[in-house]
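**Q** fold the stuff below for me.
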Amino acid sequence: MRLALREAFLSLMVVCAAVPSGALALTVNEVVKDLACPCECPLVLEDCNMTCGLEWKNEVGEMINKGMTKQQIMDYFIGKYGDEARITAAQRIQGKVYQYTRSFDTVDWVLLWAGLAVWVLLMFLGVYVGVKKLFFDKSQDA
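**A** Numbering: from 1, shown residues only. I've put the predicted structure just below:
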């Protein structure tokens with residue numbers, strides 16, 4: 001009984017140790033989100049679907065398959081293409097945009113609905129004040 005329990009526990013430990021390795025594997029998007037697109041489009045490499053961007057993504061995928069880490073891949077692109085390959089704060093200011101083509105996130109939805117609620121409230125308030133002044137203003141009766 002104890003031996004079977006030990007074997008079951010040991011098997012469970014082996015399975016648990018093997019599962020995270022696949023879940024923690026490096027993906028192309030994890031690497032390219034920190035790289036600027038090589039063409040003149042205003043996107044980071046992660047969002048670019050132009051030919052030049054797709055070529056870089058394929059190259060990153062090949063490097064991942066060879067077993068390179070994110071830092072090694074970043075160093076390779078920066079070494080080969082210079083600082084233009086890195087998405088920096090200056091590039092963001094000059095126009096390279098992150099998540100340019102993506103849908104709204106939570107903050108965007110909250111701002112949209114809050115703005116809409118404020119607009120509706122102001123419209124009702126404006127109609128209320130206008131009707132009150134137009135039809136119920138006591139100073140016009142005197």
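**Q** so how many other residues sit close to the nearest residue to residue 32 once chain neighbours are set aside?
**A** Leaving aside its sequence neighbours, residue 32 sits nearest to residue 45 (Cβ to Cβ, 6 or more residues apart in numbering; 4.1 Å). Bear in mind the C-beta positions are built from the backbone N, C-alpha and C, glycine included. Using other Cβ atoms under 10 Å, residue 45 has 27 other residues around it.
**Q** do the same with residue 121
**A** 10.
**Q** was I right about residue 36 contacting residue 83?
**A** No: counting by Cβ atoms under 8 Å, residue 36 stays clear of residue 83, with 9.1 Å between them.
**Q** between those two, who's got more neighbours?
**A** residue 36 (24 against 10).
**Q** need phi/psi at the more buried one.
**A** phi -80, psi 150 (degrees, to the nearest 10).
**Q** for it, name its beta-bridge partners.
**A** residue 44 (DSSP bridges).
**Q** and the helices in the protein?
**A** 2-23, 28-32, 51-65, 70-81, 89-94, 106-136 (DSSP state H).
**Q** now stretch 83-96: mean pLDDT?
**A** Stretch 83-96 carries an average pLDDT of 69.
**Q** show me where pLDDT drops low in the protein?
**A** Low-confidence segments of the chain (pLDDT under 70): 3, 5-6, 8-10, 12-24, 42, 88-105, 139-142.
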